[in-house]
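[1] this one's structure only:
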């Protein structure tokens, strides 16, 4: 099995992640193909236009990426 991720950008994607209680992890882009995983995450607790609360910590939406793992089988589904 191959694992990949989806970046949550829109409010609807973040609300869906909050409702389904999936593990969201927080990544800070550092440049071309470089990232720093800031928090291995948990469920989204609160969403505001400026920030997202995960595991009791607030992260600014304009500074971080919020990702969820997506499983893919060998057929790409």
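    That came in fine, so what should we check first? Note that the structure is predicted; figures quoted are calculated from it, not measured.
[2] could you tell me how many residues sit around residue 34?
    8 (other Cβ atoms under 10 Å). Every residue, glycine included, has its C-beta placed from N, CA and C.
[3] what's the answer for residue 63, then?
    Residue 63: 11 surrounding residues under other Cβ under 10 Å.
[4] quick one, what contacts the closest residue to it other than its chain neighbours?
    Excluding its sequence neighbours, the residue lying closest to residue 63 (Cβ to Cβ, 6 or more residues apart in numbering) is residue 28, at 6.8 Å. The neighbours of residue 28, taking Cβ atoms under 8 Å, 6 or more residues apart in numbering as the test, are 35, 36, 38, 63, 64, 65.
[5] I'd like these as CSV, with pLDDT, distance to residue 14 and secondary structure appended.
    As requested, the contacts of residue 28 are exported to CSV (pLDDT from 0 to 100; distance: Cβ to Cβ, whole Å; DSSP: H, G, I helix; E, B strand; the rest coil):
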residue, pLDDT, distance to residue 14, secondary structure
35, 81, 19, strand
36, 85, 21, strand
38, 87, 16, strand
63, 94, 15, coil
64, 95, 12, coil
65, 94, 12, strand
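[6] I am finished for the moment; much appreciated.
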